[in-house]
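**Student:** make a model of this:
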Amino acid sequence: MSDPLVLVAQQGAVCTLTLNRPKSLNSFTGAMHDELAAALDAAAVDANVRCVVITGAGRGFCAGQDLADPSVAPPTEPGAPPADIGAAIERYYKPLALRVRAMPVPVIAAVNGVAAGAGANLALGCDFVVAARSASFIQAFAKIGLLPDCGGTWLLPRLVGRANAMALAMLGDKLPAEQAQRLGLIWKCVDDAALADEVSTLAARLAAMPTKALVATREAMDVAMSLGYADALGAEARHQSRLGSSHDYLEGVAAFMGKRAPVFSDR
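**Tutor:** From the prediction side, this is the model:
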């Protein structure tokens, strides 16, 4: 049997999904998409999972789309129609980006090496991006006559502003992790040797926090970017109405009043 294309490991309340095509820098194929989608869906419905980590095997995080995959490969026969790349986006990348954004738990991208094309934007769509110092981010699309996908056109200007987003997307230059942090593209850059411990500590911390409130924070912030101030205030009120009747709110207040550590359990 061939090795799984996505490795799944759980330690405590943290589920780690490792893209596992190291010889191809974990570039996407249709089969790897299917395995990743199944793994994310399984984590989403597992009440024991309170944080998800996505990372890559070997020396890369994800080099984006494998251009030899039949879903996007150019025709080999003269006169044959080209592959419909838009159809591949609709089938694979749009559902992937939406699945990550709708996970009922926080999601961390542990970027251990190059993150290029859709691989970069998969990482940027996560709630936290922690990158090794040797890692890099490349919007490689323009180099092959395409535009950023997997949410790139939405994410980039919101993360770094229009000027930087245009430069990253049009020029396709390699952006070292340290510079990515300075631009605000990612949350944190750490020494390579510290990446695993840094991500493990962050994941454990998030897993112990009130999951519903963290996910509601993501939802409210994403929606607020397209709302006026008054409408954003109204959205906050609606979220607080729901969260205020939850076990975690009652537990948090009781722990605060009792000067003890809270034990959150909602999901």
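
**Student:** quick one, what contacts residue 4?
**Tutor:** Shown in contact with residue 4 (CB atoms under 8 Å, 6 or more residues apart in numbering): 20, 35. Yep, even glycine has a C-beta here, placed from its N, CA and C like the rest.

**Student:** tally of neighbours for residue 147?
**Tutor:** Residues within reach of residue 147, counting by other CB atoms under 10 Å, total 11.

**Student:** quick one, what contacts it?
**Tutor:** Contact analysis of residue 147 by CB under 8 Å, 6+ apart lists 141, 153, 169.

**Student:** ok, residue 188 next?
**Tutor:** So residue 188 contacts 128, 129, 130, 131, 181, 198 (CB under 8 Å, 6+ apart).

**Student:** ok, for the fifth one, nearest residue in space, not its chain neighbours?
**Tutor:** Yep, that's residue 181 we're talking about. Excluding the flanking residues, the one nearest residue 181 by CB to CB, 6 or more residues apart in numbering is residue 189, at 4.4 Å.

**Student:** bridging residues for the one you found?
**Tutor:** residue 131 (DSSP bridges).

**Student:** tell me the one of the contacts of residue 188 nearest residue 114?
**Tutor:** residue 131 (10.4 Å; CB to CB).

**Student:** distance of that closest one from residue 173?
**Tutor:** 16 Å (CB to CB, to the nearest Å).

**Student:** now do the same for the spatially most central residue of the chain: helix, strand or coil?
**Tutor:** The chain has residue 126 as the residue nearest its centroid, 2.6 Å off, counting by CA atoms, centre = their mean. Judged by DSSP: H, G, I helix; E, B strand; the rest coil, the three-state class of residue 126 is coil.

**Student:** surely it meets residue 109?
**Tutor:** Yes - with contact defined as CB atoms under 8 Å, residue 126 counts as touching residue 109 (4.1 Å).

**Student:** please identify every residue contacting each of those two.
**Tutor:** Counting by CB under 8 Å, 6+ apart, the residues touching both residue 126 and residue 109 are residue 54.

**Student:** if we can go back for a sec, out of the contacts of residue 147, name the ones that lie in helices.
**Tutor:** 153, 169 (DSSP state H).

**Student:** filter the contacts of residue 147 to the buried ones?
**Tutor:** Buried residues within the contacts of residue 147, counting neighbours by 16 or more other CB atoms under 10 Å: 141, 169.

**Student:** which among the contacts of residue 188 gets closest to residue 22?
**Tutor:** Set against residue 22, the nearest of the contacts of residue 188 by CB to CB is residue 131 (17.7 Å).

**Student:** who is residue 136 paired with across the strands?
**Tutor:** Assigned bridge partners for residue 136, using DSSP bridges, are residue 114, residue 176.

**Student:** where does it land on pLDDT?
**Tutor:** Per-residue pLDDT puts residue 136 at 98.

**Student:** and for residue 220?
**Tutor:** As predicted, residue 220 sits at a pLDDT of 97.

**Student:** residues contacting it?
**Tutor:** Counting by CB under 8 Å, 6+ apart, residue 220 touches 232, 235, 236, 239.

**Student:** take those residues and keep only those in helices.
**Tutor:** Residues from the contacts of residue 220 lying in helices, with DSSP H as the criterion: 232, 235, 236, 239.

**Student:** alright, that wraps it up for me.
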